[in-house]
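> Mind looking at a prediction? Sequence and model below.
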Amino acid sequence: QVQLVESGGGLVQAGGSLRLSCAASGRTFNNAAMGWFRQAPGKERDFVAAINWTPGRVYADSVKGRFTISRDNSKNTVYLQMGSLKPEDTAVYYCAARASPFSPIQLSAREYAYWGQGTQVTVSS
């Protein structure tokens, strides 16, 4: 059974940093595109960042220059390093993976087959 488990969320002051981790089990995602999405209360789930096998990276404009996505294939894990956090970054952050190897990065949540349970990130002003 495939599982994605996020960790690293929490409460942080504006300007602070957090690192989210997403550990995959049940299959390897080393050659698959993986991404991070976030969802604030009452809002849609939005794309944050994604990484493919090369590794190429894509970021939402709202986090470009502040967040960095990376992966450690030896651990089947993807990370999201978040810096210069703002109150508007407050959301539940979800890790996601595409099903097919060597699949391109997609910004739509519908293109991702596997999802974690989410981890809460709260940024206080």
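Thanks, I have it.
> What helix or strand is the residue sitting nearest the centre point of the chain located in?
Most central in the chain under CA atoms, centre = their mean is Trp36, positioned 2.1 Å from the mean C-alpha point. Per DSSP states H and E: Trp36 is located in strand 34-39.
> about what we covered before: just list the residues touching the residue nearest to the centre of the chain, thanks.
Going by CB atoms under 8 Å, 6 or more residues apart in numbering, Trp36 touches 20, 22, 48-50, 69, 78, 80, 93-96. Just so you know, the C-beta spots here come from the backbone N, C-alpha and C atoms, and that holds for glycine as well.
> Next one: Gln120 relative to Met34, how far apart?
Taking CB to CB, to the nearest Å as the measure, Gln120 falls 20 Å from Met34.
> The chain: strands as residue ranges?
3-7, 10-13, 18-25, 34-39, 45-51, 57-59, 67-72, 77-82, 91-97, 114-115, 119-124 (DSSP state E).
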